[in-house]
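Colleague: Below is the sequence, then the predicted model.
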Number of protein chains: 4
Amino acid sequence: MNEISLKPLKTPTQERSWATYHAILEATTHILIEQGYKTLTTNHVADRAGVSIASLYQYFPNKESLVATLHTNHAKQTRNTINEILKKAKNSSTATMIDLFVDAMVKAHSDNPELHRVFQEEIPRLLKTAILKEGNDQFLETIALITQNTDLPSISAKDLAWTIRIMTHSIIHQGIIDRKDDLLSGKINRELKMMLHKLLL
Amino acid sequence: MNEISLKPLKTPTQERSWATYHAILEATTHILIEQGYKTLTTNHVADRAGVSIASLYQYFPNKESLVATLHTNHAKQTRNTINEILKKAKNSSTATMIDLFVDAMVKAHSDNPELHRVFQEEIPRLLKTAILKEGNDQFLETIALITQNTDLPSISAKDLAWTIRIMTHSIIHQGIIDRKDDLLSGKINRELKMMLHKLLL
Amino acid sequence: MNEISLKPLKTPTQERSWATYHAILEATTHILIEQGYKTLTTNHVADRAGVSIASLYQYFPNKESLVATLHTNHAKQTRNTINEILKKAKNSSTATMIDLFVDAMVKAHSDNPELHRVFQEEIPRLLKTAILKEGNDQFLETIALITQNTDLPSISAKDLAWTIRIMTHSIIHQGIIDRKDDLLSGKINRELKMMLHKLLL
Amino acid sequence: MNEISLKPLKTPTQERSWATYHAILEATTHILIEQGYKTLTTNHVADRAGVSIASLYQYFPNKESLVATLHTNHAKQTRNTINEILKKAKNSSTATMIDLFVDAMVKAHSDNPELHRVFQEEIPRLLKTAILKEGNDQFLETIALITQNTDLPSISAKDLAWTIRIMTHSIIHQGIIDRKDDLLSGKINRELKMMLHKLLL
DNA sequence: CATGAATGAGTTTTCATTCAT
DNA sequence: TATGAATGAAAACTCATTCAT
């Protein structure tokens, strides 16, 4: 039903192109953060990027691909941040792994929380799934490392990992909205660690 | 900035108009569930309801009010379901209260899970806030009953209640999407209870 | 091209009807004065009159007839006021006749100046012509009484009367808009008399 | 209450767009003259101009701005015509100045009398005020040059200038409607001069 | 007489996308 | 490569008027 390609048309090779390409993505980011998805129009983006609308369509096949590109980049970066931190945790105790995991999650979401909020709240679901599915499995494996020693009755390891992911994600995301100060000050960070310790140890 | 009234224009008095009013809301529901918010247009709704577009605007001042009405009704019903169940819990043990709370939450979201999913995932945030704020405080007080005997270090009663709410909500909501069968079979229900027991007792 | 009848459908005979009929016209007047012709809709009028839209259409065949009726009434009343005053002037000197004429004109327009302004400025031309033509000739004859002794070179009596009418009308009408205080205080009245004396005597 | 911008969105730079821009304004003019403001719809204009409705909205932010642009242009042109003629009058006698003034006024309004008539009679007042206010003061100063030597009792110079303006304007405007031939033949022109001589000398 | 419900036929406006240069 | 002009297709919304009761 929705066979529109979300991939950028071409990755720019020349220098001038790169500038244009990034100006477009940056304009998209700014509009998303400042005015939300509702007001994101391709003409608006091109205007703000200082390029013509036709140039925009040289790099992006359609409006959705703009947001998808941004979202993919964002997800990749988030994943990298988390993986990097967790690499160090491979041989640590579960308690340490929990702490590192929470730190990684909060750090990853603290980067550009406004943009995160937009993706979480405003971007239509269909745009997200493809990208999210990809990193999901790997992510759940990472969490499984943490929960491998936990023995909770009547919940499989897989479901537990799922639950941890949802819990952590939702508390951080909603924290961005409801308790931004607590998130930045590290309070939510501490609360999360404490709760996971109680739950998993 | 967003001074648009979301309330229905007039509540129908005659029988004939009652039918129209509900046909419109039902059409809205169907389109939301089957095709999502993106394709929800007033003309589409009127068509599906079998009434003229002008009739739609006799009862609803704008497109948003359609969704807002649906959302308000849904939220009210959810709240009623929860309050009714919790009324019985007033003098129970914390353990029982947790179980009843989870039952209430899951039951409330099992009613029309597809519609719930749409509200959760597709409806732009601005449409929601107004309605949700209302029932929020009362809801947090209810949760406070449960957590009153819990002694978790470094988390205030208020923040704990907030966390419980977010956790429970998000697991149920995301469960509708990722683990629908587990939700309907009661599996998620049991997992939630178990986790809250471990966390709060 | 525009064969719509502007006449009221039926003049009400019963008492209750009269009340409805007048409520409708009064509502029309209020809306015209307070919000202008742009916002005058039949539904709005019916609402404000406290009657159903269908009742409105029992007395008036269409929207235009509402305004036309009001305009006709207003014009008749204006004409009556003027004629009454001028009746006394039949055998006076020209100077006295000028003064009485100006007094009559100003008085006629002072009655409901806001409504006058709306008719002058906002009502589409097509609605006016029919009514105005009628009273026009009689009015010009009256003016001719004043100018009969004037001897201005190169202007016929008829054209002079036309000029006097336009002049007087426009100064009063624009006075309502630009110099309302001067109109009500009698200043414009005095100026007009003075000018006509200089012109015609 | 009326914060709608009336200014054109962009002034065309390329040749092609210049043509479009003018086609739109010309279509507007034609419709106003032939069918009046009531039937002036943006779709109608776009159709007649032979461009798409979307193109219209590239140059004009809303329907009102179409008329406002036309009116502004017209007013500017009128003002230019008058100022040019009056420049020559600076050091003339009052009698000559009156004659030149009347000539200028009539000439300015003879240009496109049909359009003038539409502006005068059909365009809702709110659209006009902004534009007219601008040139008004300068215009009254010009008239003051003429009336400076006049000694009429009980009327200030300022009010006299106002009166002259209203009188002249209204006679010409109404002349377009009631006595078009007399206007074009110069008859009204002569009458006006004669009257102003009698009044001001 | 009176009514509230219902609507046909428009109206203004938007926007992702394509085209000519 | 880059652009500004142009547009098709549809969106939200309005209102004078008719109809069933």
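Modeller: Yes, it's here. Residues are numbered from 1 along each chain as shown, chains lettered A, B, ... in the order given.
Colleague: Can you classify the residue nearest the centre of chain A as helix, strand or coil?
Modeller: Centroid check for chain A by Cα atoms, centre = their mean gives A:A75 as the closest residue, at 4.1 Å. Classification of A:A75 using DSSP: H, G, I helix; E, B strand; the rest coil returns helix.
Colleague: So what does A:I123 look like in phi/psi?
Modeller: phi -80, psi 130 (degrees, to the nearest 10).
Colleague: What's the local residue count around it?
Modeller: A:I123: 21 surrounding residues under other Cβ atoms under 10 Å in any protein chain shown. C-betas here are computed from N, CA, C, even on glycine.
Colleague: for A:I172, same thing?
Modeller: By the criterion of other Cβ under 10 Å, A:I172 has 23 neighbours.
Colleague: Run through who's touching the one helix or strand it maps to.
Modeller: Taking DSSP states H and E as the criterion, A:I172 maps to helix A:157-178. By Cβ atoms under 8 Å, 6 or more residues apart in numbering or on different chains, the surrounding residues in contact with helix A:157-178 are A:101-102, A:105-106, A:109, A:113, A:116-117, A:120-121, A:139-140, A:143-144, A:146-148, A:150, A:152, A:155, A:182-183, A:188, A:192, A:196, A:200, B:162-163, B:166-167, B:169-171, B:174, B:178-179, B:182, B:187, B:191, B:195.
Colleague: if we can go back for a sec, if I look at the residue nearest to the centre of chain A, how far off is A:I123?
Modeller: A:A75 sits at a distance of 12 Å from A:I123 (criterion: Cβ to Cβ, to the nearest Å).
Colleague: With A:G186 instead?
Modeller: Separation of A:G186 from A:I123 (Cβ to Cβ): 28 Å.
Colleague: Restricting the selection to alpha carbons, write the helix holding A:I172 to CSV.
Modeller: Provided in CSV are the C-alpha atoms of helix A:157-178 (Å, rounded to 0.1, in the frame of the first residue of the first chain):
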residue,chain,number,x,y,z
ALA,A,157,14.3,-14.4,29.4
LYS,A,158,13.1,-13.0,26.1
ASP,A,159,10.0,-11.4,27.5
LEU,A,160,12.0,-10.0,30.4
ALA,A,161,14.4,-8.3,28.0
TRP,A,162,11.5,-6.9,26.1
THR,A,163,10.0,-5.6,29.3
ILE,A,164,13.2,-4.0,30.4
ARG,A,165,13.6,-2.3,27.1
ILE,A,166,10.1,-0.9,27.1
MET,A,167,10.3,0.2,30.7
THR,A,168,13.6,2.0,30.3
HIS,A,169,12.7,3.6,27.0
SER,A,170,9.3,4.8,28.1
ILE,A,171,10.6,6.3,31.4
ILE,A,172,13.3,8.1,29.7
HIS,A,173,11.1,9.3,26.8
GLN,A,174,8.3,10.4,29.1
GLY,A,175,10.9,11.9,31.4
ILE,A,176,12.0,14.2,28.6
ILE,A,177,8.5,15.5,28.5
ASP,A,178,7.3,15.4,32.1
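Colleague: residues of that helix that come out buried?
Modeller: Residues of helix A:157-178 classed as buried: A:159-168, A:170-176 (neighbour count, 16 or more other Cβ atoms under 10 Å in any protein chain shown).
Colleague: repeat for stretch A:28-43
Modeller: Here stretch A:28-43 shows A:28-29, A:31-32, A:36-37, A:40, A:42 as buried, counting by 16+ other Cβ under 10 Å.
Colleague: just to revisit the earlier point, just the buried ones from the contacts of helix A:157-178, in ChimeraX syntax?
Modeller: Buried residues among the contacts of helix A:157-178 (16+ other Cβ under 10 Å), as a ChimeraX selection:
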select /A:101,102,105,106,109,113,116,117,120,121,139,140,143,146,147,152,155,182,183,188,192,196,200 /B:162,163,166,167,170,171,174,179,182,187,191,195
